[in-house]
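Engineer: Next one to model:
(one chain, ligands or ions: 3)
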Amino acid sequence: MNSLLASYGYTDRIRRLYQSTFENPHPARVARADKNHLLLVTETGMLHVPCPPSESQCGTGDWVQLGTDPEGAAAITGVLERYSLLARKMADERLSGIQVLAANIDIVGIVVPLDRPISHNRLERTLVAAWDSGGQPLVILTKADLSNGHDDVVSQVMDQTPGVDVVTTAAETGDGLGELMLRIGPGQTVVLLGPSGAGKSTLINALAGEEVQDTGSVRAADGRGRHTTTSRELIPLPHGAVLMDTPGVRGFALWTSDTGMESVFGDIEALFAECRFGDCNHGPEPDCAVQAALADGRLQERRWQSYLKLQRELEHLRRKHDREARRRYGREWSKVTKAQKAGNKVEARARIRARTNDAVNAPRQRYMD
Ligand SMILES: Nc1nc2c(ncn2[C@@H]2O[C@H](COP(=O)(O)OP(=O)(O)OP(=O)(O)O)[C@@H](O)[C@H]2O)c(=O)[nH]1
Ligand SMILES: [Mg+2]
Ligand SMILES: [Zn+2]
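Structural biologist: Numbering: from 1, shown residues only. Ligands and ions are numbered 1, 2, ... in the order given. As a prediction, the model looks like this:
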């Protein structure tokens, strides 16, 4: 097997996938996506090719077929079906569609820096996306050397992420790196997601044993980084795993999610079955299991709000992409208008109140905090 491609995750499984997909495989992997071109790893070396017309077609981590365009220049002529995909909605609302953030990843490393207060909402949101991607989430706490008494935080995070391993690291001192590597096998691809300044690139350098990625200073005032890493890039590690560095993502809107929400908020969704009314809005209705759990502390208000916010976002996206849902929404509003016209204020108000659980409150921009 070619050693350059192998160092970028070309395993027997990928080889078989190529063989069953293409007559002339000519395998290559997208190692980096820049503005106008993609950097490919091929059997014989690295190569730049122009980006395909749509960003949803191809992105970092994709396995592609290398061919030529009509003029005879090297070009991507096919893309292998992805076994996992992290995508995000285009930050620019005018452009519809998705942007490939990371394709064919085995592990989604959710990087949470310990040098600042943890954003639980961000953690939950990233976890939902990670489960949806088809990869296995792994929480990587970084900068442990900058935080004293982080045991509390570690147990909080573990409580919040059942079924997900949590590793604590300090790239500066090397602590936890061995433990991290135990969870990453040769040939596996790991994407690192986390805010700017979280230490993603520093971690990659420490694991690679050399300075392969630039790292940046963190503004002391607010602990935020400066977006040192600007593109998504695959970095082969000495023992055969591949890491993908990413820029700290700000606007990480979800795009589809069922399994993800269930994995992260399954306990909340289980409560719904215990409400007295099947169509309970979990507000002032009698015998609402959610309100009961909030009252006795089994469910944190913060988590409930986070769940509602993500649901609103998902509903907003579904409506946008699903014409049928849009029609249903339109019909619902026409009932409100009719009820108002008929002077049935109570019914109109009830319908409007039901709506506040979705689009009416959907924030225009859904940035993570
Ligand atoms: N003390 C300490 N500092 C760290 C550690 N990891 C990273 N840093 C520092 O944190 C700063 C930001 O690290 P980066 O690795 O550039 O962060 P990043 O997540 O790649 O940030 P972006 O590329 O902007 O998304 C650098 O000054 C690092 O030296 C750590 O474990 N301990
Ligand atoms: Mg970086
Ligand atoms: Zn209820």
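Engineer: Could you use CA atoms for every contact and neighbour count after this?
Structural biologist: OK.
Engineer: Pull the contacting residues for the spatially closest residue to residue 216 that is not a sequence neighbour.
Structural biologist: Among residues not flanking residue 216 along the chain, residue 228 sits closest, at 5.4 Å (C-alpha to C-alpha, 6 or more residues apart in numbering). The contact partners of residue 228, by C-alpha atoms under 8 Å, 6 or more residues apart in numbering, come to 196-197, 214-216, 247.
Engineer: what do you get if the cut-off is 7 Å, keeping everything else the same?
Structural biologist: By C-alpha atoms under 7 Å, 6 or more residues apart in numbering, the contact set of residue 228 is 214-216.
Engineer: what helix or strand is it on?
Structural biologist: Under DSSP states H and E, no helix or strand contains residue 228.
Engineer: quick one: it from ligand 2, how far?
Structural biologist: Going from residue 228 to ligand 2 by C-alpha to the ion, to the nearest Å gives 5 Å.
Engineer: Residue numbering should commence at 52 henceforth.
Structural biologist: OK, 52 is where the count begins now, so the last one is residue 279.
Engineer: for that residue, phi and psi?
Structural biologist: Backbone geometry at residue 279, expressed as degrees, to the nearest 10, gives phi -70, psi -50.
Engineer: Return the distance of it relative to residue 250.
Structural biologist: In this view, residue 279 and residue 250 are 10 Å apart by C-alpha to C-alpha, to the nearest Å.
Engineer: Spit out the residues that contact the two alike.
Structural biologist: By C-alpha under 7 Å, 6+ apart, no residue touches both residue 279 and residue 250.
Engineer: Helix or strand for the residue nearest the centre of the chain, just tell me which one.
Structural biologist: In the chain, the residue lying closest to the centroid (C-alpha atoms, centre = their mean) is residue 180, at 3.8 Å. Per DSSP H and E, residue 180 falls inside helix 171-184.
Engineer: which other residues reach stretch 109-125?
Structural biologist: In contact with stretch 109-125 (C-alpha under 7 Å, 6+ apart) are residues 76-84, 100, 103, 126-131, 151-155, 283-284.
Engineer: Identify the residues contacting the closest residue to residue 285 other than its chain neighbours.
Structural biologist: Closest residue in space to residue 285, ignoring its immediate chain neighbours: residue 295 at 4.4 Å, by C-alpha to C-alpha, 6+ apart. Contacts for residue 295 were tallied using C-alpha under 7 Å, 6+ apart; they are 241-243, 283-286.
Engineer: Please determine how far residue 295 is located from residue 320.
Structural biologist: With C-alpha to C-alpha as the criterion, residue 295 and residue 320 are 33 Å apart.
Engineer: Would you map the helices across this structure?
Structural biologist: For the chain, applying DSSP state H gives helices covering 54-58, 63-72, 171-184, 202-211, 228-233, 251-259, 310-323, 340-346, 352-372, 374-392, 396-406.
Engineer: Report the distance from the fifth one to the chain centre.
Structural biologist: For helix 228-233, the distance from its own C-alpha centre to the chain's C-alpha centre is 22 Å (C-alpha atoms, centre = their mean, to the nearest Å).
Engineer: quick one: that helix near ligand 1?
Structural biologist: No: in terms of C-alpha under 6 Å from any ligand atom, no part of helix 228-233 sits within range of ligand 1; the closest distance is 10.2 Å.
Engineer: Report all helices and strands that that helix contacts.
Structural biologist: Applying 3 or more C-alpha pairs under 7 Å, 6 or more residues apart in numbering; DSSP states H and E, one finds that helix 228-233 contacts no other helix or strand.
Engineer: Which residues in it does the neighbour count mark as buried?
Structural biologist: 228, 231 (16 or more other C-alpha atoms under 10 Å).
Engineer: on that earlier part again, turn the helices of the chain into CSV, including distance to ligand 2 and mean pLDDT.
Structural biologist: Listed next are the helices of the chain as CSV, based on distance: least, C-alpha to the ion, whole Å; pLDDT from 0 to 100:
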stretch, distance to ligand 2, mean pLDDT
helix 54-58, 21, 92
helix 63-72, 28, 95
helix 171-184, 17, 85
helix 202-211, 23, 84
helix 228-233, 17, 95
helix 251-259, 4, 93
helix 310-323, 26, 85
helix 340-346, 39, 95
helix 352-372, 27, 79
helix 374-392, 39, 63
helix 396-406, 41, 63
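Engineer: In a markdown table, list these along with distance to residue 93.
Structural biologist: Compiled in a markdown table, those are given as follows (distance: least, C-alpha to C-alpha, whole Å):
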| stretch | distance to residue 93 |
| --- | --- |
| helix 54-58 | 6 |
| helix 63-72 | 13 |
| helix 171-184 | 25 |
| helix 202-211 | 40 |
| helix 228-233 | 26 |
| helix 251-259 | 21 |
| helix 310-323 | 34 |
| helix 340-346 | 54 |
| helix 352-372 | 36 |
| helix 374-392 | 41 |
| helix 396-406 | 52 |
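Engineer: nearest to residue 90, of those helices?
Structural biologist: helix 54-58 (13.2 Å; C-alpha to C-alpha).
Engineer: Dump that closest one to CSV, keeping only the CA atoms.
Structural biologist: Provided in CSV are the C-alpha atoms of helix 54-58 (Å, rounded to 0.1, in the frame of the first residue of the first chain):
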residue,chain,number,x,y,z
SER,A,54,2.8,5.0,2.3
LEU,A,55,1.9,8.6,1.7
LEU,A,56,-1.8,7.9,1.2
ALA,A,57,-1.7,5.4,4.1
SER,A,58,-0.4,8.1,6.4
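Engineer: tell me which residues in it are buried?
Structural biologist: Neighbour-count burial for helix 54-58 flags 55-58 (criterion: 16+ other C-alpha under 10 Å).
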